[in-house]
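Mind looking at a prediction? Sequence and model below.
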Amino acid sequence: MKNILTGLRPTGKLHLGHYFGALQNWVKLQDEYNCYFEIADIQALTDNFENPKKVRDNIKEVALDLLAVGIDPNKANIFIQSMIPEIAELTVIYSNLVTISRLYRNPTIKTEIGQKEHLFGKNGESLTYGFLGYPVSQAADITAFKGDLVPVGDDQLPLIEQCREIVRKFNHIYGETLKEPEHLLTDTPRIKGLDGSEKMGKSLGNGINISDSEEEVAKKIMNAVTDPDKIKKDDKANPDVCMVYYYHKLIKNDNINTVKCECEKGMRGCVDCKKELINKMNEYLKPFRERRAYYENNPDLIDEVLKKGTSNAQKVAKEVIKEIKHSMMIDYFDK
Ligand code: TRP
């Protein structure tokens, strides 16, 4: 069975953008592959090093969200990056195989540095070694678990490519040791926010969180953006510019044709349409809420899941580091 490795930064609660864009697919993958889902706290710290509490608190939230959407700890491993010291060791080892100019040219890093002026300065004059180097640490994440396939969004492709380069260089210098991972691109959509913006984002506050209560969902949907040209209840409207319609579609409301038809004919007021969406959305989220509540009421179980996932993951990482040290002739007292 092939190995899947992918990760998430614990910097906030997960929302429906994560669900439809990635997690829904992860739930399927766990039946077909050996899955390792990493909660990347060390990577989260590269741009949150001043907020350790935020990262710590979100580890549990992210774990709960993963369990809520149906990641099954009996099938997949959920683990915490910092609990696997082999990743840190590999990061140091790989750092010789990457040039600084190559890291600067990594498109993902370049974009992110630009977005983080507050941390790294206008021209990147305060850029840290850790942030610039996180692709190296991500290469360690992937290879430490013999990741064959890495399911990620297209924004992450330059990071996978960088990992492949490191693997090739390693194998070229020290002998064939590591496997080149491949990305697993899925045709998962980028989910729009309730405010109509192109992306649902943690920091944008325009999304529905997996952990939102029924009341929170109702409040958010009531504020969702609808066709701005529709003023009165019986005005005809264009569902294609309405976020409420967009979400009806997203959760596959079986009444979708009626929603569209009535909206276009001016036979459906936005408030009623929102109320219908609230009911359907809460129905959709019900199994997530039930699983979340189960684990929330059994906090020891969450610790168990993370400990077991970490221990399984570490077994593989230990093997890998052994092979690597052997290839590099730094396996001094190994028999
Ligand atoms: N960089 C990824 C993100 O921001 C998270 C991540 C960490 C990751 N380690 C990984 C993704 C390894 C794939 C493989 O979403």
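Yes, it's here. Because the structure is a prediction, the values reported are computed rather than measured. Residues are numbered from 1 along each chain as shown.

May I have the phi/psi pair for Leu127?
For Leu127, the backbone dihedrals are phi -60, psi 140 (criterion: degrees, to the nearest 10).

which residues does it contact?
If you count contacts by CB atoms under 8 Å, 6 or more residues apart in numbering, Leu127 has them with 113, 120-121. The way it works is simple: take the backbone N, C-alpha and C, and place the C-beta from them, glycine included.

Now that we have those, which of them are buried?
Those of these that meet the buried threshold are 113, 120, by 16 or more other CB atoms under 10 Å.

any chance of the contacts of Leu127 in TSV, plus pLDDT?
What follows is those, written out as TSV (pLDDT from 0 to 100):
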residue	pLDDT
Ile113	94
Phe120	96
Gly121	95
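
so which of the contacts of Leu127 comes closest to Phe145?
Ile113 (27.8 Å; CB to CB).

How much space separates Tyr104 from Cys242?
Between Tyr104 and Cys242 the distance, using CB to CB, to the nearest Å, works out to 43 Å.

So these two - more neighbours on which side?
Relative neighbour count places Cys242 above the other of Tyr104 and Cys242, with 23 against 13, counting by other CB atoms under 10 Å.

In contact with that one, which residues?
Applying CB under 8 Å, 6+ apart, one finds that Cys242 lies in contact with 225-227, 263, 270.

Return only those of those residues found close to the ligand.
Counting by CB under 6 Å from any ligand atom, the subset of those that neighbours the ligand is empty.

out of these, which is most surrounded?
Of all the contacts of Cys242, Cys263 has the most neighbours under the rule other CB under 10 Å, reaching 26 neighbours.

which secondary structure element contains that one?
Under the assignment given by DSSP states H and E, the secondary-structure element containing Cys263 is helix 256-265.

Residue of the protein closest to the ligand, please.
When scored by CB to the nearest ligand atom, the chain has Gly7 as its residue closest to the ligand, at 3.0 Å.

who's in contact with that residue?
37-40, 43, 81, 138, 141.

what's downstream of the helix or strand it falls within, the next helix or strand?
With elements taken from DSSP H and E, the one containing Gly7 is strand 3-8. Counting by DSSP H and E, the next helix or strand C-terminal to strand 3-8 is helix 16-18.

Report all helices and strands that the next helix or strand after that following helix contacts.
The C-terminal neighbour of helix 16-18 among helices and strands, as given by DSSP H and E, is helix 24-32. Using 3 or more CB pairs under 8 Å, 6 or more residues apart in numbering; DSSP states H and E as the contact criterion, the neighbours of helix 24-32 among helices and strands are strand 34-39, helix 52-69, strand 149-151.

now with 10 Å?
If contacts are counted by 3 or more CB pairs under 10 Å, 6 or more residues apart in numbering; DSSP states H and E, helix 24-32 sits against strand 3-8, helix 16-18, strand 34-39, helix 52-69, strand 76-80, strand 149-151.

Contact partners for the nearest residue to Pro151 once chain neighbours are set aside?
If the residues on either side of it in the chain are set aside, Pro151 comes closest to Leu184, at 4.2 Å by CB to CB, 6 or more residues apart in numbering. The neighbours of Leu184, taking CB atoms under 10 Å, 6 or more residues apart in numbering as the test, are 2, 4, 6, 25, 29, 33, 148-152, 160.

quick check, nearest of the residues you listed to Lys286?
Distances from Lys286 to the contacts of Leu184, taken as CB to CB, are shortest for Asn25 (21.0 Å).

hang on, the earlier thing: mind giving me the ChimeraX command for buried ones among the contacts of Leu184?
Command for ChimeraX that selects the buried part of these, burial taken from 16+ other CB under 10 Å:
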select :4,6,25,29,33,148,149,150,151,152,160
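
Tell me, how many residues neighbour Cys261?
Summarising burial for Cys261: neighbours were counted as other CB under 10 Å, giving 12.

How about Lys202?
Here the number of neighbours of Lys202 (other CB under 10 Å) works out to 17.

and it, what element?
Assigned by DSSP H and E, Lys202 belongs to no helix or strand.

Hmm, Leu14 and it touching each other?
Yes: using CB atoms under 10 Å as the test, Lys202 is close enough to Leu14 to be in contact (8.4 Å).

Could you tell me which residues touch both of the two?
Residues touching both Lys202 and Leu14 (CB under 10 Å, 6+ apart) are 58, 209.

Flag every residue of the chain that's near the ligand.
For the chain, the residues found near the ligand under the criterion CB under 6 Å from any ligand atom are 5-9, 38, 40, 43, 138, 141-142, 150, 152, 156.

Which residue is most remote from the mean position of the protein?
Distance from the centre of the chain peaks at Asp234, with 41.0 Å (CA atoms, centre = their mean).

Name all residues that make contact with it.
With contacts defined as CB under 10 Å, 6+ apart, the neighbours of Asp234 are 265-269.

Look up how far Val225 lies from the residue most central in space within the chain.
Residue closest to the average C-alpha location in the chain (CA atoms, centre = their mean): Leu8, at 4.1 Å. Taking CB to CB as the criterion, Leu8 is separated from Val225 by 28 Å.
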